[in-house]
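S.K.: Sequence plus the predicted model coming up.
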Amino acid sequence: AARMAEVRAALEAATAEAAARVARIDGGDVILDAGGLRALPAEIARRLVLAALRWIASAEYGPRRAEVERFVAALVAERPVTLGGVRATAARGRLRLLRELRAVAGAEVPLGAVWDGRWQVIGPESGAETNGLTLRALGEAGLAACPEWRAVAVPRLTLVAAPAVWRGADLVAAPVAGFGAGWRAVCAPPQGVLAAAPLSH
């Protein structure tokens, strides 16, 4: 048992070191360097991708090993792939793992609560004024109401699955898309091995 614990600790240390080299946290997404991922030992690559999948999907447990291995194989081949509510895109040697809109389309919580296990939105309205305000995915219709979304340099697929503040059918704020003065969206940072990945600025 002691030897197994040592092996597990060594694997976790190697995965954290890999995260620091080949991964980056960009808001609620994980960006991986495709060449760096390909160069990793298979088990380290699997553990790193599993950590990203669990964080993005807010899942206590990740998908089955065989599913993760198929996902990693698609990543190293730079092919688009989805698994467990996480979508991966590839462009110019960079792999972006992001929340899939379909996975959060029905998620809705009152303003002030945690949305999709990771996000909180903080804004100028407080107290009784928050009555009736909820958090749900921005979606395509919400994005269409954000005229400056291209200026934020966040991919469309990321934006449509990002949290937004709604009053019924009316969009109040979409901080990730740059809509709504005084509002900001905060994503809980990853824990474990993925915490070693640097943040994008």
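M.R.: That came through fine. Residues are numbered from 1 along each chain as shown.
S.K.: Which of the helices and strands in the protein ranks last by mean pLDDT?
M.R.: Using mean pLDDT, DSSP states H and E, helix 2-22 stands out as the lowest-scoring helix or strand of the chain, at a mean of 89.
S.K.: So what touches that one?
M.R.: With C-beta atoms under 8 Å, 6 or more residues apart in numbering as the test, helix 2-22 has contacts from 32-33, 36-37, 40-41, 43-45, 47-48, 51, 192-198. C-beta coordinates here come from the backbone N, C-alpha and C atoms, glycine included.
S.K.: From the residues you listed, which land in helices?
M.R.: Applying DSSP state H to those, the entries found in helices are G36, L37, E43, I44, A45, R47, L48, A51.
S.K.: List the contacts of the second one.
M.R.: For L37, the contacting residues are V22, A45, L48, V49, V72, L75, V76, L95, taking C-beta under 8 Å, 6+ apart as the criterion.
S.K.: Let me know the closest of those residues to A103.
M.R.: Of all the contacts of L37, A103 sits closest to V49, with 17.1 Å by C-beta to C-beta.
S.K.: residues touching that closest one, list them.
M.R.: By C-beta under 8 Å, 6+ apart, V49 lies in contact with L32, L37, V68, F71, V72, L75, L97.
S.K.: hey, where'd the strands end up in the chain?
M.R.: 23-26, 29-33, 81-83, 86-91, 94-99, 108-110, 119-122, 133-137, 163-167, 170-173, 184-187 (DSSP state E).
S.K.: Quick one: mean pLDDT for the fourth one?
M.R.: Strand 86-91 shows a mean pLDDT of 96 in the predicted model.
S.K.: Now that strand: buried residues?
M.R.: Buried residues in strand 86-91, counted by 16 or more other C-beta atoms under 10 Å: V86, R87, A88, T89, A90.
S.K.: And for the first one?
M.R.: For strand 23-26, the buried set under the neighbour-count rule, 16+ other C-beta under 10 Å, comprises A23, R24, I25, D26.
S.K.: As a markdown table, the residues you listed with distance to E108 and pLDDT would be great.
M.R.: Listed next are the buried residues of strand 23-26 as a markdown table, based on distance: C-beta to C-beta, whole Å; pLDDT from 0 to 100:
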| residue | distance to E108 | pLDDT |
| --- | --- | --- |
| A23 | 30 | 98 |
| R24 | 30 | 97 |
| I25 | 25 | 98 |
| D26 | 25 | 97 |
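S.K.: Let me have the residues you listed in CSV, extended by distance to L111.
M.R.: What follows is these, written out as CSV (distance: C-beta to C-beta, whole Å):
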residue, distance to L111
A23, 31
R24, 30
I25, 25
D26, 25
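S.K.: Greatest separation within these: which pair is it?
M.R.: For the buried residues of strand 23-26, the maximum inter-member distance is 10.0 Å, found between A23 and D26 (C-beta to C-beta).
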